[in-house]
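S.K.: just a sequence and a predicted model for now, questions to come.
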Amino acid sequence: MITRIYVLESLTNERQTGTELYNDTISKYCQFYAPDLLHSLTTINSKIDLLDVLKTIENEVQDDDEVILHIEAHGATDKTSMVLSNGDTISWKELEACLMLINLKTKNKLHLHLATCFGMHVALEIGKTLNKTAPYKSFMASLYALNNSDIIADNNLLYEEIIKKREIYSAFVAFNKSSPSTTMRIKDVETVLGEVIRFQVARFLVMDPLFDVVLFYNGSYNLNMNYSKFNTFETIEEKCNYVFESLATNYFPN
């Protein structure tokens, strides 16, 4: 159940979409439907401001919290970072390093929502950190450039559903039915990663049944799989599941 919503806004000399969303929808709907749901709006100017706020959030959240972190800022045109209102940039890699600490503390219950152009490119960092901790349980963003009207229209509908349901996936399904042309997408990291890893292991074993899967994945992702257990599995599907479950144990905090 969603227990906290943090809205961070870093925009200047333009429509303050984060403030508008917070005042018109999040605050009002929480008051009516979910008075126990904690929520806040913070204006960010610089990279230092952002890092300070993320540290504050890390200190505030508890292991039974399920958190939405909603960030309103500009995405860099090279799609590698986020641009703050004073011109500072923070790379997706730097952002994820902070989010890992929050997700660790909430035991993999952090949902990242990037209302930024090209925000979906944050996912490119996931495959580079599989030997660490997942930075979030899910993320919502767009692959494309966004305009203010779409941000407001989509997020007003989405947060109405989130606050009523207190659950992000069913809320997104309901929102998508109301706004089928949206460019916003949601990705559950465990689901996506499970599909990729299982496909990769199966491909290795089909191409070469003697491929040393245990050695490869233990070395690549600092796992602790053992040969005796791996060799008890008879089917490729069972072996794929064992590899992914071993990785998930390390990657997803619980």
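M.R.: On my side now, so go ahead.
S.K.: separation between the nearest residue to Asp36 once chain neighbours are set aside and Leu69?
M.R.: Nearest residue to Asp36, sequence neighbours excluded (Cβ to Cβ, 6 or more residues apart in numbering): Thr3, at 7.9 Å. Where C-beta positions appear, they are placed from N, C-alpha and C, glycine not excepted. Using Cβ to Cβ, to the nearest Å, Thr3 is found at 13 Å from Leu69.
S.K.: between these two, which one's more packed in?
M.R.: Between Thr3 and Leu69, Leu69 has the larger neighbour count (other Cβ atoms under 10 Å), namely 24 against 19.
S.K.: and the host helix or strand of the more buried one, what other elements does it pack with?
M.R.: Assigned by DSSP states H and E, Leu69 falls within strand 67-72. Where contact means 3 or more Cβ pairs under 8 Å, 6 or more residues apart in numbering; DSSP states H and E, strand 67-72 is packed against strand 4-9, helix 17-21, helix 92-105, strand 110-115, helix 148-165.
S.K.: circling back to that earlier point, quick one, phi psi at the residue nearest to Asp36?
M.R.: phi -120, psi -20 (degrees, to the nearest 10).
S.K.: beta-bridge partners for the residue nearest in space to the middle of the chain, please?
M.R.: Taking Cα atoms, centre = their mean, the centroid of the chain lies closest to Phe139, which sits 3.0 Å from it. For Phe139, the beta-bridge partners under DSSP bridges are Leu112, Lys187.
S.K.: roughly how far does it sit from Lys229?
M.R.: From Phe139 across to Lys229, the span is 33 Å (Cβ to Cβ).
S.K.: circling back: surely the residue nearest to the centre of the chain and Ala115 touch.
M.R.: No - using Cβ atoms under 8 Å, Phe139 makes no contact with Ala115, being 11.7 Å away.
S.K.: returning to what we had before: okay, the residue nearest to the centre of the chain and Tyr159: tell me how far apart.
M.R.: When Phe139 is compared with Tyr159 (using Cβ to Cβ), they lie 16 Å apart.
S.K.: please apply the same query to Val67.
M.R.: 14 Å.
S.K.: would you map the strands across this structure?
M.R.: 4-9, 38-43, 67-72, 74-75, 81-83, 89-91, 110-115, 138-141, 185-188 (DSSP state E).
S.K.: could you tell me the angle between the second one and strand 4-9?
M.R.: Read that as strand 38-43. Strand 38-43 runs at 10 degrees relative to strand 4-9, counting by axes from the mean of the first three to the mean of the last three Cα atoms, to 10 degrees.
S.K.: ok, Ser10 - contacts?
M.R.: Ser10 is in contact with 43-45, 49-50, 71-73, 84-85, counting by Cβ atoms under 8 Å, 6 or more residues apart in numbering.
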